[in-house]
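Colleague: Fold the following, please.
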Amino acid sequence: MHDDDALDASWGFATRALRTGHARTAEGEHCEPIFTTSSFVFANAAEAAARFAGEAPGNIYSRFTNPTVRAFEQRLAALEGGAACVATASGMSAILATCMGLLKAGDHVVASRSLFGSTTMLFDKYLARFGISTSYVELTDREAWAAAIRPQTRLLFLETPYNPLTEMAEIAPLAELAHAHE
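Modeller: The predicted structure follows:
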């Protein structure tokens, strides 16, 4: 955001959708530019070393940080009322990033049977190799979700609406169940 465009609590949804996350460059553009670069320039080797070490702010590679993606993340967080947002290149990368951030060897996942095939493969083939187990339950059977929870359960995972059958589940009761089991 530009200094004179600080997020105003009184802004409505449409204003947040247009104004949040825009950091004007020296060019003075009206809307955020699209940065298509793969990498960024450093003033010297010391600055590069500090950025790579996480000791100094700034962009390194677009795979890590990019002003276009950062604007999107800030805008989406503002629109959803979130503290922050992390954008990924695909839904599967979002699911993997979530699992890697929350799970470790010995943990357990309760997941809906109604999942995208690649998600099931992630749980059964890849996370299992790291000692993470998964139990599957019917998407809309709250009692089955509750019965499947173990002391090692760290994640309840569902997709709603489920693709391709568009089965729907209520998230709030499952969130309550998760909170009840910490």
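Colleague: In the protein, mark out all the strands, start to finish.
Modeller: 108-112, 133-137, 153-157 (DSSP state E).
Colleague: Would you mind telling me which of those strands is nearest residue 163?
Modeller: Proximity to residue 163 (Cβ to Cβ) singles out strand 108-112 among the strands of the chain, at 11.9 Å. No exception for glycine: its C-beta is placed from N, CA and C like everyone else's.
Colleague: Tell me which strands that closest one pairs with, and in which orientation.
Modeller: As defined by DSSP bridges, the strand partners of strand 108-112 come to strand 133-137 (parallel), strand 153-157 (parallel).
Colleague: tell me the domain boundaries of the protein?
Modeller: Domain segmentation of the chain under automatic domain parsing yields 3-80, 91-180.
Colleague: Of those domains, flag the one that's most buried.
Modeller: domain 91-180 (a mean of 15; mean count of other Cβ atoms under 10 Å).
Colleague: what does the average pLDDT come to for that one?
Modeller: The average pLDDT for domain 91-180 rounds to 94.
Colleague: Would you mind listing the outside residues contacting stretch 88-108?
Modeller: Stretch 88-108 is contacted by residues 86, 109, 116, 118-119, 122, 127, 130-135, 150, 152-155 when judged by Cβ atoms under 8 Å, 6 or more residues apart in numbering.
Colleague: same thing but at 10 Å, please
Modeller: Here stretch 88-108 makes contact (Cβ atoms under 10 Å, 6 or more residues apart in numbering) with 63, 69, 86-87, 109, 115-116, 118-119, 121-123, 126-127, 129-135, 148-155, 157, 159, 163.
Colleague: so which of the strands paired with strand 108-112 comes closest to residue 13?
Modeller: Comparison of the strands paired with strand 108-112 against residue 13 by Cβ to Cβ identifies strand 153-157 as nearest, at 29.1 Å.
Colleague: Contacts for the closest one, please.
Modeller: Contacts of strand 153-157 (Cβ under 10 Å, 6+ apart): 95, 98-99, 102-104, 106-112, 115, 119, 122-123, 132-137, 145, 148-149, 171, 174-175, 177-178, 181-182.
Colleague: now the farthest one out in the chain, which residue is it?
Modeller: Relative to the centre of the chain, and counting by Cα atoms, centre = their mean, the farthest-placed residue is residue 44 at 32.9 Å.
Colleague: what's the pLDDT at it?
Modeller: Per-residue pLDDT puts residue 44 at 96.
Colleague: can you pull the contacts of it?
Modeller: residue 50.
Colleague: measure it to residue 96 for me?
Modeller: According to Cβ to Cβ, to the nearest Å, residue 44 and residue 96 sit 36 Å apart.
Colleague: And the residue nearest the centre of this protein?
Modeller: Taking Cα atoms, centre = their mean, the chain has its central residue at residue 86, 4.5 Å away.
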